[in-house]
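Student: This is the structure alone, sequence omitted:
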């Protein structure tokens, strides 16, 4: 059993490696946004944002970049607060996503 354990990668390690790819991050957020538009569940979308941010850097350093208090970001990610549209736009812009309205 220890030989098998030594030759396997943990889920967390694998997830971190996969989520480190910007293209995977973009597709992950796109899918998450599509799900939100279908089911209206903000919390899953916010958790996706949190996962992408954490795959790039700490929440603390990200919050400084977007000029949003770190505690407010955690409140958002925990589903305790629905953010304003400009807050989501700031987050997505910093992540390198642009929103195009047809």
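Tutor: Sure thing, it's come through. Note that the coordinates shown come from a computational prediction; the quantities given were computed from them, not determined experimentally. Numbers count the residues shown, from 1 in each chain.

Student: where in this protein is pLDDT low?
Tutor: Scanning the chain for pLDDT under 70 picks out the ranges 1-5, 98-102.

Student: can you tell me which helix in it is longest?
Tutor: Among the segments of the chain that qualify as a helix by DSSP state H, the longest is helix 22-39.

Student: Skip the chain neighbours and tell me the closest residue to the residue nearest to the spatial centre of the chain.
Tutor: By CA atoms, centre = their mean, the mean C-alpha position of the chain lies nearest to residue 49, the distance being 2.2 Å. Leaving aside its sequence neighbours, residue 49 sits nearest to residue 91 (CB to CB, 6 or more residues apart in numbering; 6.0 Å). Every residue, glycine included, has its C-beta placed from N, CA and C.

Student: show me what contacts that neighbour?
Tutor: Neighbouring residues of residue 91 by CB atoms under 8 Å, 6 or more residues apart in numbering: 49, 53, 66, 68.

Student: Which of the residues you listed fall within helices?
Tutor: Among those, the residues falling in helices (DSSP H) are 49, 53, 66.

Student: In this structure the last one contacts residue 90, no?
Tutor: Yes: counting by CB atoms under 8 Å, residue 66 does reach residue 90; the two are 4.7 Å apart.

Student: buried stuff in the helix or strand residue 71 falls within?
Tutor: Residue 71 belongs to helix 70-77 when assigned by DSSP states H and E. In terms of neighbour count (16 or more other CB atoms under 10 Å), helix 70-77 has its buried residues at 73, 76, 77.
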